Each structure stands twice: as C-alpha cells, then as structure tokens.
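**Student:** mind looking at a prediction? Sequence and model below.
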There are 2 protein chains.
Amino acid sequence: MGARIEQVEVRVFATLDWTTKDSDGHTHPGPERRAEHALLTVRDGDGAEGHCLCSGEALRPSVLDGFVRKVVIGEDPFMRERVWNRLYRMQRGSGGQLTDRAIGYLDQALWDLAGRKLGAPVWQLLGGARSTVPAYASTMCGDDIEGGLRTPEDYGRFAEALVATGYSAVKLHTWMPPVPGAPDPDMDARACAAVREAVGPDVPLMLDANHWYTRTQALALGRALQQLDYYWYEEPMEEASTSSYRWLAEQLEIPVIGPETAFGRVHTRAEWIAQGACDIVRVGVNDTGGITPAMKIVHLADAFNMDAEVHGGGSGNLAILGAMENGRWYERGLLHPHFDYDAVPPHLNSAVDPIDEHGNVQMPEAPGLGDDLCFEHIEENIVARW
Amino acid sequence: MGARIEQVEVRVFATLDWTTKDSDGHTHPGPERRAEHALLTVRDGDGAEGHCLCSGEALRPSVLDGFVRKVVIGEDPFMRERVWNRLYRMQRGSGGQLTDRAIGYLDQALWDLAGRKLGAPVWQLLGGARSTVPAYASTMCGDDIEGGLRTPEDYGRFAEALVATGYSAVKLHTWMPPVPGAPDPDMDARACAAVREAVGPDVPLMLDANHWYTRTQALALGRALQQLDYYWYEEPMEEASTSSYRWLAEQLEIPVIGPETAFGRVHTRAEWIAQGACDIVRVGVNDTGGITPAMKIVHLADAFNMDAEVHGGGSGNLAILGAMENGRWYERGLLHPHFDYDAVPPHLNSAVDPIDEHGNVQMPEAPGLGDDLCFEHIEENIVARW
C-alpha cells in the first residue's frame, strides 16, 4: 500500500475497574477503583492509525525499543505476515522479554490499521463467515464471597439467571487456590451437577477445571461431566504434557478441549491434533500471538474437521469468530453475581460485545477491530507514554 | 461492508493462443490460433467488480444458475468464508457438476472485488510476507518435436538457456503418453542427468514425473534424482494412494512433494502431512478451490514446519505467495524452446508475472489480483455471455 510505519506508541492511562485479583492471579469482583490500562497505537506516513488495548507491561519501553520498533518502523503496515515472522524469530534470543502477547497486540493493531485505512471491519477483511455469534457465559473462579460463587448451589442459581438473560451456554470456572479447600474434584463435580440441575438438560455446559489435577483426578472428574452431559472439558491438567491429554481423551466420551496456555502457538496445536490429545482445539488471539497466527490455528483445525473454540473475549477474538465456521461460541465474561460485565469503563464509548436478547453478539460494523475507544478520556488521563 | 452481489456473469471471448493440447491433455507449442477464453465477473450494488479468468466450461450456465447464483446473489461479497463453505457443501449433491475449480474461480473473483473496492492488492489484504518471489522455470512435457523436448540433451540445452535468462531453478515435466515410448523412468532419469550436467551443481532442480508409475519404478527414479541432488520429486504415482507416498517418502532422502491433484483439498493434505506421505506439501488456488482454502493449506503446512510449494502461475497463486514465507518459488510456465511465454495475448494489456533479470517476479501493486485485463478487447470479441 506504500506508506510506512512512522510511529509506535504505548499510552498508559487511568480508567475505572470493578474487579480485583487474588494472590494466584484469578479475577474476582471488587469495589470501583482507579486502574491503569494501556493502548498501543501504530501510525503510518499517511496518518492511518491502528490501536489495540494491551498490557503496558508486555510492551514496556525496553520491549518496544529492543524489538518491536526495530522491526516495524519503516515497514509497510500491510506486511503483517513478514512482521509477525520477524518478531517470532526474535523471541528466541529475547530471553523471554518478547512474549506472544506482545506480538499479538502489535498484530492486532496492524489489523486494526488495515481495517481503518480501508474502511472495512477486520472480520470481513479476513473473509466473513457470519455476522452474529452466540455467546456463552463464562463465570469467574469460585470464591468464598457471600452470595457469590461459594457453593455448588451458588453456581446453580447464577447459571439459571444467566440463561434467563439469554446466554445459550454456560461455562464454569470452579475453585482454585487460594480459596480454602480448593482445588477439589468432588466439589467441582458437585458444582457442575448443581448447574445441570438448575438449567435443565438442554443447555450446553462446559467446565474449565483446575489446571493441575493428576491424571486419575482428571479422569474421574471427566467421567462425572459426561454423566451430566457436559459439552466440553477444559484444562484439568498441566498442558505441557501432551501425553496426559492423549491418555485422557482416549478414555473419555466428553470432548476434551485444548491447548489454551501451552507454549508453542500453532505448532503445539498441530501436535495435539496429530496425536489425538484433543477433540476440540483452543485458540485465542492473546494466547497465540495475534489474529494472524490464530487464523492459522482455525485453518489447521478445519483441515482435520475439528472445531476451534475461541478463548476469551474482546474485539480481536470477535474478529476471528466472524471469519470462521468451525467453532460455535464467543466467550463472554468473566461473569459473577456481584459484577456488572456490561458496565462500560470511561475509556470506551461503548462495549464491542453487547449481547442481545437471543444471547448473540453482533459483529462490529465499524472499520478495523471495532473497539469504540474514547480518545478524549485516554488523552486526559495519561499516566505515561513511550 | 453492506452492498450485496447483484450480478454474476461469464463472458466467453475470442483471443489468441500459441499452444495446442495432445490427446492426453498435455500442452505443447502450437501455431498462433484463435482461442476462446472466459472471464467471470461479480458485481455488487455499489458497482464494485471482481474478475477472474476462468474456464467457461467449469462455470457453464447450468453451474452458474444451479449453484453459484443461488448462493451469492444477494450476499455480501465480503462473506467469502460463508460463500465458500456453502458452495463446498453443495458439491456433494451436485453430482460432480460444481467442481473445486468452479468454486475457486468465484473465490478469486470475490478476493479481486475486495481488493479493487478497498484499493489494495490481494496479497496485502491477506497480510504481506514479501513483495518479490523467485521463479522457477517449469517446462512443458516431453514431445517428439525437432529442436523441442525430444531428447535428454534437448532438456539440457533448454535448462541452460533458462538459467541464462535468470531463472533460479528449473523443473522438468518429462515424456508422457501419447509420446511414443513414454513413460519411461530410465528416460526420465537420463533427462534429469542431462539437465544437472548442463546447469552445474548449484541450480535447484525438480522433476514432475509421470503420475502412474508403480512403487518400484517411482523408488528407482527417486534414487536416481537424489544422486543428482534434485530438490524435490513430484507426483510419480497415483495420488489417491496415500500409503504409496508414505512408503516412498520413508525410503527416499529427496523431499517428496504432494498432493497436487488428489481430491479433498485441505483435508487430504492434512492426512498426507499427519501420515508422513510428503516432505513438502503442494498447494494451488485452482486445485483446491481458490485463495481461501489455499491459505488454509499454507497455514496447515506452517503448523507442521512444512513448506507449501505453489502449483501453477497466475495472479491468484501470486497472491498467496505474497502472503506466505513457507514456500520458495513461483512456478512460471509452462515453457518450451518453441514457445514465447512472455507474449501477451490481446485480452491482457500486460502480463501479471513478468520476470526480472534476477529471475524474480514482483507482487502486483494494482488493487485486487492484479490482472491487467483489456476489457475493450474482451467486449469487442464476445462469443457468448451468461
């Protein structure tokens, strides 16, 4: 297209948040608090811009100067495949500094720039498959909050409420340390049973279990889930052990889904598929290095008649969902009885993923990724920029 | 993007050609003759158009009315993934009428429309990887033409001339029926040896052999090729037998490349890769149903650290080459001592794939696929339109 990238900038800004993290990094509802978020912006010589909400930590100044700017300044922003491969090959020597997440933010910003510059939404640049996608409700992890997600019955009540508002499926995240007594596969199974009882036999349900169960624990929990007619079983064990998942998938009837966090992007997923370690593959733009590699995973899965179910929400994940048929749901959350997921923080004018009364999310029509950023708020609340 | 497809049209037009086909369908040089070619055009409500040079036979009126128009009229032209999947699923009931080739032409026309409408070349819409690609010279099949490709020495002389004009690699197609005495693996090996001797040790060489050798013939010829340090060995056997290729690849050091013509697009290629039946996978937009599925094959190969080498030339294949790094060459041809590949037929203003003195082809800068069609010639020489 001609114009070259002239500027790559991260702006850290203050906004509002209504969540908190526990000692192990799990999200729970919290009081309204001032929070710092970050926005990556790429600008080319024509003044075209692409943006991606990001982690300022992943794109700290040393990462931007040491890797990202070296590759992209002076590069055509439409050379996404070349940019991605160059950054990917810099990872090995970066000593862990240049993460998949960092590359993924840049890739998403380049897709956003392409869409904004051309006047087309990213999912249609990719090649549209659908203009609407059903959402599943994805709960926060269990907790010990009164009226929260403290008991199996709490999950049952919450799932019933979620289905009543339109969600077509529900996924549980159950109890994890530091919640006392967690993890406990029997407690997980009781929560899953309570949810099945609450929503009836026809609502698809999924479990994302503690990620460090042993093989025998994982197998027992999986057998309980298939008795309850759950739709998929996600990450009950350490994912670096492909053999464990092959062992599990061979013995269970319920579809095993993965990998999600295992290192290695598309290559690891190819191994899982070729070795029979999963029945559904997991893909997310922030786990695998952006939209460019996520679409490779979607295409890999398609080649083996396999669904690729998308991990996490946000505009980038919505874009790939709009361009694929081999995957059913948008993951909406994380949700909790004490948390209003639909509250719009002040750095956005509106959310990218409102849910309609049928439980569907519409693909954005705005050019680019579709995030409705409030640049005025961001500029007025700058904490740092580099 | 909003506007819907209102018109799908095939125009058959007269042009000039300098090739002829033998009884088995192989192309050879011929005297200048009047030939009929066809152009598929898709138009949306905004007046945006996409074009693809096509086979009028593959897109005959019954195919256009029975399948293509039913799916695309009234559809958003940016919904390429949906359109592709719908046509793909109509194939089974079409009794062979709706071919991969037909779907591929439509898919390419939709990509061309997207590029023309947005003002961007297709390879950059896909995500650019490189703006130039080296070309290998791909010969016509052997023949019994004086000064043509009648003897091993003819191949040697021709390869030497091709390398002198800049080609960085050469691929032989050897003798096939109805040429007397063909096929003959010993004759093939002698031609390959003559070419190696003519171009020296440093030029990559490939062989695309008769497609119906037995396993033992194919193995013997493959061993001869690896002695000659050939770069790849292509389609010596019926490709429907994946086991034959696994058997061959296990025993040879030379990379086995395929499948090319085997039915089943991305799914068949996934099987070949998973079963170890190839070392390099073959992909072409006209074999696999267009740019959309060809990119899935490129991505599938990438997931297994495998090169995908592109079958055939033309703007669609050039587009995927511009968007991938896991494949080296553009196939330029078919070439013959008596045929001027660079002669531009009157339905084009210029060729999409001129070769420079370094043996490289530049990615087109024009919006869309980059075919420089002479619409004036086409309109003035219409034979039929539907």
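**Tutor:** Here it is on my side, so go on. On a predicted model such as this, the values are computed, not experimentally measured, just so you know. Residues are numbered from 1 along each chain as shown, chains lettered A, B, ... in the order given.

**Student:** what does the stretch 101-250 of chain A put close to chain B?
**Tutor:** Neighbours of chain B within the stretch 101-250 of chain A, by C-beta under 8 Å from any C-beta of the partner chain: A:Ala114, A:Leu118, A:Gly119, A:Ala120, A:Gln124, A:Leu125, A:Leu126, A:Gly127, A:Gly128, A:Ala129, A:Arg130. (Each C-beta comes from the backbone N, C-alpha and C, glycine too.)

**Student:** can you say which of these are buried?
**Tutor:** A:Ala114, A:Leu118, A:Ala120, A:Gln124, A:Leu125, A:Leu126, A:Gly127, A:Gly128, A:Ala129, A:Arg130 (16 or more other C-beta atoms under 10 Å in any protein chain shown).

**Student:** picking that back up, in strands only, show me the residues of the stretch 101-250 of chain A next to chain B.
**Tutor:** Among these, none falls in strands (DSSP state E).

**Student:** specify which member of those residues is nearest to A:Ala323.
**Tutor:** A:Leu126 (3.6 Å; C-beta to C-beta).

**Student:** strands along the stretch 251-386 of chain A, start to end?
**Tutor:** Counting by DSSP state E, counting those that start in this stretch, the stretch 251-386 of chain A has strands at residues A:256-257, A:281-283, A:308-310, A:330-335, A:348-350, A:360-362, A:372-373, A:382-385.

**Student:** can you tell me the helix or strand for A:Ala14?
**Tutor:** For A:Ala14, the enclosing helix or strand under DSSP states H and E is strand A:5-21.

**Student:** could you do A:Ala38 as well?
**Tutor:** strand A:27-44.

**Student:** from A:Ser138, how far off is the most centrally placed residue in chain A?
**Tutor:** Nearest to the mean C-alpha position of chain A, by C-alpha atoms, centre = their mean, lies A:Gly312 at 2.2 Å. Separation of A:Gly312 from A:Ser138 (C-beta to C-beta, to the nearest Å): 9 Å.

**Student:** then A:Pro183?
**Tutor:** Note on A:Pro183: its distance to A:Ser138, by C-beta to C-beta, is 18 Å.

**Student:** before we move on, back to that, for the buried ones among the residues of the stretch 101-250 of chain A next to chain B, give me a markdown table that also has pLDDT.
**Tutor:** Compiled in a markdown table, those are given as follows (pLDDT from 0 to 100):
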| residue | pLDDT |
| --- | --- |
| A:Ala114 | 98 |
| A:Leu118 | 97 |
| A:Ala120 | 98 |
| A:Gln124 | 98 |
| A:Leu125 | 98 |
| A:Leu126 | 98 |
| A:Gly127 | 98 |
| A:Gly128 | 98 |
| A:Ala129 | 98 |
| A:Arg130 | 98 |
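
**Student:** just the ones of these in helices?
**Tutor:** A:Ala114, A:Leu118, A:Gln124, A:Leu125, A:Leu126 (DSSP state H).

**Student:** what residues does the stretch 251-386 of chain A put near chain B?
**Tutor:** Proximity of the stretch 251-386 of chain A to chain B (C-beta under 8 Å from any C-beta) is limited to residues A:266-267, A:269-270, A:274, A:292, A:295-297, A:299-300, A:302-305, A:323-325.

**Student:** pull out the buried members of the residues you listed.
**Tutor:** Among these, those scoring as buried are A:266-267, A:269-270, A:274, A:292, A:295-297, A:299-300, A:302-304, A:323-325 (criterion: 16+ other C-beta under 10 Å).

**Student:** quickly list the domain ranges of chain A.
**Tutor:** For chain A, automatic domain parsing gives the domain ranges A:5-119+A:374-385, A:124-362.

**Student:** among those, which is the most enclosed?
**Tutor:** Across the domains of chain A, averaging neighbours per residue (mean count of other C-beta atoms under 10 Å in any protein chain shown) puts domain A:124-362 on top, at a mean of 20.

**Student:** chain center to it, what's the gap?
**Tutor:** 9 Å (C-alpha atoms, centre = their mean, to the nearest Å).

**Student:** mind checking the end-to-end distance for it?
**Tutor:** 13 Å (C-alpha to C-alpha, to the nearest Å).

**Student:** was I right to think A:Trp175 contacts A:Met140?
**Tutor:** No - A:Trp175 is beyond contact range of A:Met140, at 10.8 Å (criterion: C-beta atoms under 8 Å).

**Student:** circling back: can I get the residues of the stretch 101-250 of chain A next to chain B in JSON lines with distance to A:Phe67?
**Tutor:** Listed next are these as JSON lines, based on distance: C-beta to C-beta, whole Å:
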{"residue": "A:Ala114", "distance to A:Phe67": "21"}
{"residue": "A:Leu118", "distance to A:Phe67": "27"}
{"residue": "A:Gly119", "distance to A:Phe67": "31"}
{"residue": "A:Ala120", "distance to A:Phe67": "29"}
{"residue": "A:Gln124", "distance to A:Phe67": "31"}
{"residue": "A:Leu125", "distance to A:Phe67": "26"}
{"residue": "A:Leu126", "distance to A:Phe67": "26"}
{"residue": "A:Gly127", "distance to A:Phe67": "30"}
{"residue": "A:Gly128", "distance to A:Phe67": "33"}
{"residue": "A:Ala129", "distance to A:Phe67": "33"}
{"residue": "A:Arg130", "distance to A:Phe67": "36"}
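
**Student:** between these, which is nearest A:Val352?
**Tutor:** Distance to A:Val352 across these (C-beta to C-beta) is lowest for A:Gln124, with 15.2 Å.

**Student:** any idea how far B:Val298 is from the nearest residue to that closest one once chain neighbours are set aside?
**Tutor:** Nearest non-adjacent residue to A:Gln124, counting by C-beta to C-beta, 6 or more residues apart in numbering or on different chains: B:Phe78, 3.9 Å away. For B:Phe78, the distance to B:Val298 (C-beta to C-beta) stands at 21 Å.
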